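**Q** Here's a sequence, model it:
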Amino acid sequence: MKKYVRWGIKLLSVTIVLCLPFTGMAQPGPGCDPAVDPACVPIDGGLSFLIAAGVGYGIKKVRDSRKKKM
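**A** As a prediction, the model looks like this:
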């Protein structure tokens with residue numbers, strides 16, 4: 001029975017991974033073509049959050065390495 005459950009989970013995972021590119025295709029807004037106008041690319045708070053998280057993680061790593069040296 002466990003063999004079939006594992007097989008089912010693997011099949012479901014592969015199906016999801018194969019279908020994600022089709023559901024993830026986004027269309028640009030009306031009158032907005034990033035190929036023509038680079039200012040049209042949507043960079044908003046999400047990118048700022050990722051940069052802030054990266055800086056925070058870097059600071060944590062530096063502090064941990066300094067504590068380890070002492």
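**Q** Can you show me the helices along this structure?
**A** 2-23, 45-69 (DSSP state H).
**Q** In a markdown table, list those along with mean pLDDT.
**A** Output for those, formatted as a markdown table (pLDDT from 0 to 100):
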| stretch | mean pLDDT |
| --- | --- |
| helix 2-23 | 83 |
| helix 45-69 | 88 |
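**Q** TSV for these, including mean neighbour count and distance to Ala39?
**A** (Each C-beta comes from the backbone N, C-alpha and C, glycine too.) Formatted as TSV, the helices of the chain follow (neighbours: other CB atoms under 10 Å; distance: least, CB to CB, whole Å):
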stretch	mean neighbour count	distance to Ala39
helix 2-23	9	27
helix 45-69	9	15
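**Q** So for the protein, which residue is the most central one in space?
**A** Taking CA atoms, centre = their mean, the centroid of the chain lies closest to Leu50, which sits 9.7 Å from it.
**Q** which residues sit in contact with it?
**A** Neighbour list for Leu50: empty [criterion: CB atoms under 8 Å, 6 or more residues apart in numbering].
**Q** Tell me how far it lies from Tyr57.
**A** Distance, Leu50 to Tyr57, by CB to CB, to the nearest Å: 10 Å.
**Q** Ok, Ala39 next?
**A** For Ala39 relative to Tyr57 (CB to CB), the value is 30 Å.
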